[in-house]
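Peer 1: Provide a 3D model corresponding to the input given below.
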Amino acid sequence: MVYFTTPKFAAQGIKKASEINWKPVQFLASPVNSIQGVLTPAGLDNVQGAYTTQFAKQANDPAWAEDAEVKDYVAFMKKWAPNDSPNDFIALSGYINAQAIAKGLQRCGDNLTRENLLAQATSFNKERVGMLLPGIELTNSKENYAPYRSLRMAIFDKTSWKLLDE
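Peer 2: Presented below is the predicted three-dimensional model:
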């Protein structure tokens, strides 16, 4: 089963499949792979062995507990968004997007025109920002605005996503 939907409906679908004892291989698109927002409400037992793709480190994953970027992100969240969880995928996506926007603005220098901003924001070439997984970089163009050219596969095991070997 492939879940290309919003978080609420993914959680409902996962839970319902379990209730009717249907055990398909499950693939979750990255917007619905949030442990806090989707998998926990659906029941962690119901998603064991599910697959997803990832581009970002997960703040609550023990594998990244000592990672400097994760520590910076958690500190940022405590300071600037203390009522939000650093484990929320939406917050994490916003953090990554804000860094990319800041890079685009910095590349503009003093030429803050619409045309220059668009040129800078659509010419990333293997750019890194905090919280991206190793090997994941931002690359886009005027012809293709999508910033990710590769993602990492992961499998859900017990309470967290485990990256598969490259």
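
Peer 1: could you find the closest non-adjacent residue to the residue nearest the centre of the chain?
Peer 2: Nearest to the mean C-alpha position of the chain, by C-alpha atoms, centre = their mean, lies residue 56 at 4.7 Å. Nearest residue to residue 56, sequence neighbours excluded (C-beta to C-beta, 6 or more residues apart in numbering): residue 131, at 5.1 Å. Placement of C-beta: from N, CA and C, glycine included.

Peer 1: specify the local secondary structure of residue 25.
Peer 2: Following DSSP: H, G, I helix; E, B strand; the rest coil, we place residue 25 in the coil state.

Peer 1: any figure for the gap between it and residue 49?
Peer 2: Counting by C-beta to C-beta, to the nearest Å, the gap from residue 25 to residue 49 is 7 Å.

Peer 1: OK, contacts around the residue nearest to residue 56?
Peer 2: Going by C-beta atoms under 8 Å, 6 or more residues apart in numbering, residue 131 touches 56, 57, 69, 70, 73, 92, 95, 96.

Peer 1: wait, isn't the third one in contact with residue 128?
Peer 2: No. At 9.7 Å, residue 69 and residue 128 do not qualify as touching, with contact defined as C-beta atoms under 8 Å.

Peer 1: the strands in the chain, which residues?
Peer 2: Secondary structure of the chain (DSSP state E): strands at 2-3, 27-28, 51-54, 152-157, 160-163.

Peer 1: what's the most buried one of those strands?
Peer 2: strand 27-28 (a mean of 21; mean count of other C-beta atoms under 10 Å).
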